[in-house]
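Asker: Below is the sequence, then the predicted model.
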Amino acid sequence: MSADPKVVVIGLDGATYDILLPLAESGHTPHLAKILKKGSWGRLESTIPPFTAAAWSTFATGQNPGQHGVLSFRERDRFNYDLKGSGFVDASRFKHTLWEELSANGKKVAVINVPLSYPPRPVNGFMITGMLTPPGANNFTYPDSLKHELDDDYMVDVEFIRQGTEFRREGFPPKTEMLPEIRKMSNIRAQTSIRLMSEKPWDFFMVVFTSTDRVSHFFWDDLENLVSGKEGRADSIQSGLISYFAELDTAIGKLIETAGESAHILLMSDHGFGRSPSKRAYVNIWLEQSGLLHKRGSEGLMDFESWRIRVGRHRRLKALLRRFISEKTQSAVTSASASVSSDIIDWRKTKAYWVPIYFQVCGIELNVAGERREGSVSSGEEYEQVRDRIIAASKYLIDPDTGEHMVDEVYRREDLYDGPYVEGFPDVILVLKPEYIGAGSLAGSLLAEPAPAARPGEHRKDGIFAAFGPTIAGMGELPGLRLVDLPATVLYMMDLPIPATYDGRVLTELFGKRHLMDHPVRTVDDSVNANSDAKTADTDSHFTAEEEVLLEKRLRGLGYLE
């Protein structure tokens, strides 16, 4: 390696080769095409769930969710059934990050727009925080004076989800208005990054472009038409998308040029994308049918929740009501039907129940005696028997309309995660097939019913990875790449030892045999700074009550919260 190795990480949030490869092959993104031809690349396996919060936290810490404790934007509370009211995750919950590891080893770092990096923490260099920075926040840079070097129109995220002072949940502006704002955000971030890269000293430079995620969420149907050659709904949308990717590709090329030939370049995404789920899978109804969940009895006149369940289970009556109820009311009811009031559940008899994680990734928690609720499952042998029963039964979770299996994968939590936070995670992790979104409502007439998507695109587990540089072998497409392996690989590229608490490995297949012999992988005991003792980290929210409200509205507007 060179005496002063440099690494540039360009994050394309939510990017997928399902879109990027056809664009590169058609000539719309020549810089990306050159990277793929010159270096090594492949599909990058995300975390479970394949979600912004869990994935970027894994990149930031080098550890799996069981070590850093982040599955969603909200703090995990095993006894909060729907997570409403739980505080949002912020950077203070991480005991040690990749950029702090680099800083501790004397490396100058630049970190721009990485999600969950707010509030900014001191580094040997500079930082601009990313997603989950509260709207209007003043302390979003380190050092604080850096914010005065940014242009007034610098954007952390798009603003088309706002309508005046309020955040939209539906009724977004036309796509012809949304796309220019996404392009503006992307171009400003590119210009800012290129300027700071050229003006300030750095050894490690990282920037995340959020625009790829926003385009995929709101324009997935148009993207599918674009790469398949089908005519879109409007020529202006098609041409606008081509211009967007061309601009992004130009920005990538300029960043590579500015970094210089001696720098290693890593291109990555936290997850991939695909079509949004088209059906809602009622997991609690399945658990009820399996004898693991019980509703409480009704005494006298039933309350609203009981009536909603009774009406919801009557398919013809529900269809009839849809003919007379306004679309706005139907939308509100549909949103409410994704969950269920915990008061309707008879906790004395219930053994297992659904909890939300992210879209098709569902948690199933056992109602264990001795926990906060009056549990009906004893720990030990019965606990394992109930989990075995759920896992075995998941093989027979069938869509009544199609006869297809609805479950892609099912895990015991400890088979998927490792670390001090695992004991607070759902006992079983159920991963549905991508066309389904999990729901806890007991008001479904079937196990799976159509669920109109709020936005065309949703997350998938396979993101992107590409690398080239002075020590990278041009291996073409590689298999077996994982997001959790990238932090260790970055440290190796910078000739630093890998903390023993990192869960990932160095992607040695990127390097030639001679290079690996001359530069063997080294590890270091980092127990003093280890996130394996992460529960000593600060997990109290550092958002004010007003910021919590603004963040919740923004995330609802973007479709991340029900």
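Answerer: Cool, got the structure. Residues are numbered from 1 along each chain as shown.
Asker: Could you list the buried residues of stretch 273-286?
Answerer: Phe273, Gly274, Ser276, Pro277, Lys279, Arg280, Ala281, Tyr282, Val283, Asn284, Ile285, Trp286 (16 or more other Cβ atoms under 10 Å). Backbone N, C-alpha and C define where each C-beta goes, glycine included.
Asker: average pLDDT for that stretch?
Answerer: Stretch 273-286 comes out with an average pLDDT of 96.
Asker: What's the end-to-end length of that stretch?
Answerer: The first and last residues of stretch 273-286 sit 28 Å apart, counting by Cα to Cα, to the nearest Å.
Asker: Tell me, please, where in the stretch 301-450 of the chain the pLDDT is lower than the cut-off.
Answerer: Along the stretch 301-450 of the chain, the parts satisfying pLDDT under 70 run over 301-308, 310-342, 372-373.
Asker: what about the strands in it?
Answerer: Assigned by DSSP state E, counting those that start in this stretch, the stretch 301-450 of the chain shows strands spanning 352-358, 361-366, 407-412, 428-432, 436-439, 448-450.
Asker: Which one of those lies nearest to Gly297?
Answerer: Proximity to Gly297 (Cβ to Cβ) singles out strand 352-358 among the strands of the stretch 301-450 of the chain, at 17.4 Å.
Asker: residues in contact with the closest residue in space to Gly363 that isn't next to it in sequence?
Answerer: With sequence-adjacent residues excluded and distances taken as Cβ to Cβ, 6 or more residues apart in numbering, Gly363 is closest to Pro426, at 2.8 Å. Going by Cβ atoms under 8 Å, 6 or more residues apart in numbering, Pro426 touches Val355, Ile357, Cys362, Gly363, Ile364, Glu365, Arg413.
Asker: Pick the one among the residues you listed closest to Val207.
Answerer: For the contacts of Pro426, the residue nearest Val207 by Cβ to Cβ is Ile357; the value is 28.5 Å.
Asker: The closest one against Glu365, yeah?
Answerer: No: applying Cβ atoms under 8 Å as the test, Ile357 and Glu365 come out as separate, 10.9 Å apart.
Asker: okay, the two: which has more neighbours?
Answerer: Neighbour totals were compared for Ile357 and Glu365, and Ile357 leads with 23 against 19 (other Cβ atoms under 10 Å).
Asker: what's near enough to touch that one?
Answerer: Neighbouring residues of Ile357 by Cβ under 8 Å, 6+ apart: Pro49, Leu71, Ser72, Gly363, Pro426, Ile429, Gly438.
Asker: a markdown table please, covering those residues and showing distance to Val156.
Answerer: A markdown table is the format used below for those (distance: Cβ to Cβ, whole Å):
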| residue | distance to Val156 |
| --- | --- |
| Pro49 | 23 |
| Leu71 | 23 |
| Ser72 | 20 |
| Gly363 | 30 |
| Pro426 | 31 |
| Ile429 | 31 |
| Gly438 | 30 |
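Asker: For those residues, pick the one with the most neighbours.
Answerer: Counting neighbours by other Cβ under 10 Å, Leu71 leads the contacts of Ile357 with 30 neighbours.
Asker: mind checking how far that residue is from Pro173?
Answerer: Taking Cβ to Cβ, to the nearest Å as the measure, Leu71 falls 32 Å from Pro173.
Asker: what ranges do the helices span in the stretch 351-500 of the chain?
Answerer: Using DSSP state H, counting those that start in this stretch, the helices of the stretch 351-500 of the chain run over 381-394, 413-416, 486-493.
Asker: out of those, which comes closest to Val156?
Answerer: So among these, helix 486-493 is nearest, using Cβ to Cβ, at 23.1 Å.
Asker: and the closest one, what does it pack onto?
Answerer: When contacts are defined as 3 or more Cβ pairs under 8 Å, 6 or more residues apart in numbering; DSSP states H and E, helix 486-493 packs onto strand 6-12, helix 52-61, helix 98-104, strand 263-268, strand 498-499.
Asker: Please work out which residues outside the shortest one touch it.
Answerer: Translated: strand 498-499. If you take Cβ under 8 Å, 6+ apart as the criterion, strand 498-499 is touched by 62, 101, 488, 491-492, 506, 521-524, 526, 529-530.
Asker: Quick check: what element follows it along the chain?
Answerer: helix 513-518 (DSSP states H and E).
Asker: Buried ones in that next one, by neighbour count?
Answerer: Buried residues in helix 513-518, defined by neighbour count with 16+ other Cβ under 10 Å: Leu516.
Asker: avg pLDDT for that helix?
Answerer: Average pLDDT, helix 513-518: 94.
Asker: Repeat that for stretch 175-188.
Answerer: Here the average pLDDT along stretch 175-188 is 94.
Asker: Tell me how far that stretch lies from the chain's centre.
Answerer: How far stretch 175-188 lies from its chain's middle: 22 Å, per Cα atoms, centre = their mean, to the nearest Å.
Asker: Please enumerate residues in contact with that stretch?
Answerer: For stretch 175-188, the external contacting residues (Cβ under 8 Å, 6+ apart) are 151, 153-155, 157-160, 172, 209-211, 214-215, 218-219, 222, 234, 236-237, 240-241, 243-244, 247-248, 251.
Asker: What of stretch 10-23?
Answerer: With contact meaning Cβ under 8 Å, 6+ apart, stretch 10-23 is reached by 29, 32, 36, 43, 52, 114-115, 206-213, 216-217, 223, 226-227, 245, 248, 252, 255, 265-274, 459-460, 462-464.
Asker: I'd like to know which of the residues you listed are buried.
Answerer: Buried by 16+ other Cβ under 10 Å: 29, 32, 36, 43, 52, 114-115, 206-213, 216-217, 223, 226-227, 245, 248, 252, 255, 265-274, 459-460, 462-464, out of the contacts of stretch 10-23.
Asker: hmm, back to that, nearest to Ser394 among the helices and strands packed on helix 486-493 would be which one?
Answerer: Each of those has some distance to Ser394 by Cβ to Cβ; the shortest is helix 52-61, at 21.5 Å.
Asker: list the helices and strands the closest one packs on?
Answerer: Counting contacts by 3+ Cβ pairs under 8 Å, 6+ apart, helix 52-61 is packed against helix 65-68, helix 98-104, strand 109-114, helix 486-493.
Asker: Could you say which of these is packed most deeply?
Answerer: Burial of these is given as mean neighbour count (mean count of other Cβ atoms under 10 Å); helix 65-68 ranks first at a mean of 26.
Asker: Please tell me how far that one is from the chain's geometric centre.
Answerer: Offset of helix 65-68 from its chain centre (Cα atoms, centre = their mean): 14 Å.
Asker: can you check stretch 149-160 too?
Answerer: On the basis of Cα atoms, centre = their mean, stretch 149-160 sits 22 Å off its chain's mean C-alpha point.
Asker: what's the closest of the contacts of strand 498-499 to Leu146?
Answerer: Taking Cβ to Cβ as the measure, Leu146 sits nearest to Glu101 out of these, at 21.3 Å.
Asker: can I assume the closest one is in contact with Leu491?
Answerer: Yes: checked against Cβ under 8 Å, the pair Glu101 and Leu491 is within contact range at 6.9 Å.
Asker: Spell out which residues make up each domain of the chain.
Answerer: Domains of the chain are assigned by automatic domain parsing as 6-275+457-557, 279-450.
Asker: where are the low-confidence patches of the stretch 101-250 of the chain?
Answerer: In the stretch 101-250 of the chain (pLDDT under 70), the answer is 161-171, 230-234.
Asker: How about Arg76: what's its closest non-neighbour residue?
Answerer: Distances taken as Cβ to Cβ, 6+ apart place Gly424 nearest to Arg76, at 5.6 Å, with adjacent residues excluded.
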